[in-house]
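1. Quick one: sequence plus predicted model below, questions after.
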Amino acid sequence: MGEYENNLIELPLRIIEVLEDICIQVVDIRGCTIYYSKGCEKIEQYKREDILGKNICETYRIDENTELNADNSVILGVLHTGKPVINKVMRFITLKGKLVNVVTSAYPIFTNNKLLGAIAVFKDLSQIIEMSSAITQLQDDLLSLRKIQSKNGTQFHFDDIIGSSAVIKSTIALAKKISVCSSSILIVGATGTGKELFAQSIHNYGPVSNGPFVAINCSSIPETLLESILFGITKGAFTGANDTIGLFEQAKDGTLFLDELNSTSLAFQASLLRVLETNKIRKVGGNKEIPVNGRIISATNINPVEAIRKNQLRLDLYYRLSAVTLEIPTLSMRLDDIDELVTSFIKTNNKIMRKNIHGISDEVIIILKNFNWPGNIRQLKHCIDYAMNMTERDDLLITPKHLPKYILNDSNIKGNHRVLKYNSLKETLKEVEREIIMKEIKNNNGNFSRAAKNLSISRQNLQYRLKALNILDCNNISEA
Ligand SMILES: Nc1ncnc2c1ncn2[C@@H]1O[C@H](COP(=O)(O)OP(=O)(O)OP(=O)(O)O)[C@@H](O)[C@H]1O
């Protein structure tokens, strides 16, 4: 190396001593590389000897068809203009086909006002690009998972209701039938069975789907505020009161969903009955009757007859609402749907939690099908969320050790150890089915019709199962 080159690389060598991570390439006025740092070798996978003395136009291309020139190459641009270029993102390929993404700053090197070459400092962007594509992917996944609330304020349609059991299919069929008219509907179902899911689906399937879906959980609003929230307030009704539109008016041309109606006072229910009968509301503090046309869907989480008996529901309101009643089955009435629900929850959670769980073990299926699920589908969902949080990185299946303790300790499942001694899953499931059917028949004093009803199957289906499970001729089961 001559004196000229020695002088030329003195500056970059000093910088490199301090900044080891940063890649530095120095070219002479012709564009030939005369210095190539270790960091460059790492990013570009060239060896120094491949590069030194060669013109950068021979060693890099923008892509297969494009050579470097003063417009697309930072270094050549600096040699052309004699001006520095700061923080420019560049993408090029080496002769070995390695794709390189870097952010580059290049500076001219002058001696006695004469341009001698250029020094380029660059940093690898491949990790950042990988990270940003992972973030983009994650965002896409989350967006598709968390179905964006549509304009009418709903998230769900009938297609989102998971389950193929006969009882859920017939519930969906009935719900679709009643969707098409605009009468008020009473949805009855225990907590977590999917009442709101059904209410939204009915709204979206019916004639007012273009209108808003306005939901309120009556139990979460203090009784004193319920009327003002639902009917609105007239300016001056009380000190400082402004004119406010209530939810009945907001649900114009749409649906008003009154969840947990049974938690409201009988006095409020009387006002509601008046609205249902006249289709008019009167704001708090006002005399004017305002017409409302939203469809009313109410829900109770206890049996309405029981609610009437406990003085939680007015009989006249019930008569008004019960013309169109939809009963949502509990999860224990449709244990067959557990597999499908669990598969769907795992799929969703895999994306959110970045896991790769393939399913649940045979033991877990039995445990889940033996639990009585007082919190229904919401509780099953939480159980799977919990179990997935408990899985380790390499786990592919949810096994009993991942389940919440209260599910394992539940008395219904204690007999499970006995059930599990059977060799095959089919045999085990048959045994569970046999136990459930026997228990139900016993609880109903041998009355097949009542037992079938409680099991949500037809009487014929019950008889078919009794035969298939070899228990029809059992001495202790003679029909009452
Ligand atoms: N058939 C189903 N398929 C998929 N998810 C369901 C189904 N039923 C319920 N869920 C889910 O279970 C949870 C509870 O549903 P939802 O809030 O509709 O129940 P709810 O009966 O209105 O409960 P509550 O009486 O406590 O208000 C929600 O996360 C819902 O998405």
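-> Happy to help now that I have it.
2. Stretch 257-276: end-to-end distance?
-> 13 Å (C-alpha to C-alpha, to the nearest Å).
3. repeat for stretch 388-403
-> With C-alpha to C-alpha applied, stretch 388-403 spans 9 Å between its terminal residues.
4. what stretches of the stretch 201-350 of the chain score poorly on pLDDT?
-> For the stretch 201-350 of the chain, the stretches flagged by pLDDT under 70 are 237, 239-241.
5. Phi and psi next, for Tyr107.
-> Reported as degrees, to the nearest 10, the phi and psi values for Tyr107 are phi -130, psi 140.
6. Quickly list what it is bridged to.
-> Beta-bridge partners for Tyr107, by DSSP bridges, are Ile119.
7. wait, it sits on Leu116?
-> No - using C-beta atoms under 8 Å, Tyr107 is not in contact with Leu116, being 11.7 Å away. Just so you know, the C-beta spots here come from the backbone N, C-alpha and C atoms, and that holds for glycine as well.
8. quick one, which of the two is more surrounded?
-> Set Tyr107 next to Leu116 and count neighbours by other C-beta atoms under 10 Å: Leu116 wins out with 18 against 15.
9. quick one: that one and Asp28 touch, right?
-> Yes - using C-beta under 8 Å, Leu116 is in contact with Asp28, at 6.9 Å.
10. For the stretch 201-350 of the chain, give the residue positioned nearest to the ligand.
-> Closest residue of the stretch 201-350 of the chain to the ligand, C-beta to the nearest ligand atom: Asn301 (4.4 Å).
11. got a list of what the closest residue to the ligand within the chain touches?
-> In the chain, the residue that lies nearest the ligand is Gly194 (2.7 Å; C-beta to the nearest ligand atom). Neighbouring residues of Gly194 by C-beta atoms under 8 Å, 6 or more residues apart in numbering: Ile161, Ile328, Asn376, Ile377.
12. Now do the phi/psi pair for it.
-> Main-chain dihedrals, Gly194, degrees, to the nearest 10: phi 110, psi 30.
13. Isn't Asp385 up against Phe345?
-> Yes - the criterion here is C-beta under 8 Å, and Asp385 meets it with Phe345 at 7.4 Å.
14. quick one on the thing from earlier: burial measure for the residue of the stretch 201-350 of the chain closest to the ligand, as a count.
-> 20.
15. One more: Ile365?
-> Counted with other C-beta under 10 Å, Ile365 comes out at 20.
16. Equivalent analysis for Pro291, please.
-> Counted with other C-beta under 10 Å, residues neighbouring Pro291 total 10.
17. beta partners of it?
-> Note on Pro291: beta-bridge partners Lys280, judged by DSSP bridges.
18. How about Asn101?
-> Here Asn101, judged by DSSP bridges, has bridge partners Arg91.
19. Okay, strands next: where are they in the stretch 301-450 of the chain?
-> 325-327, 359-360, 397-398 (DSSP state E, counting those that start in this stretch).
20. in its sheet, what does the second one sit against?
-> For strand 359-360, the paired strands and their directions (DSSP bridges) read strand 397-398 (parallel).
21. same thing with the longest one?
-> For strand 325-327, sheet partners with direction are given as strand 185-188 (parallel), following DSSP bridges.
22. Show me what the strand it pairs with is in contact with.
-> So strand 185-188 is contacted by 178, 195, 198-199, 202, 295-300, 303-304, 318, 321-322, 324-328 (C-beta under 8 Å, 6+ apart).
23. Please flag which of the residues you listed sit within helices.
-> Members of the contacts of strand 185-188 lying in helices (criterion: DSSP state H): Ile178, Lys195, Phe198, Ala199, Ile202, Pro304, Tyr318, Leu321.
24. The third one contacts Pro329, doesn't it?
-> No - the pair Phe198 / Pro329 is not scored as a contact, 11.0 Å apart, by C-beta under 8 Å.
25. Quickly list what's touching both of the two.
-> Common neighbours of Phe198 and Pro329 (C-beta under 8 Å, 6+ apart) are Thr171.
26. Look at those two and report which has more neighbours.
-> Phe198 (25 against 21).
27. contacting residues for the more buried one?
-> Ile161, Thr171, Ala175, Ile187, Leu326, Ile328.
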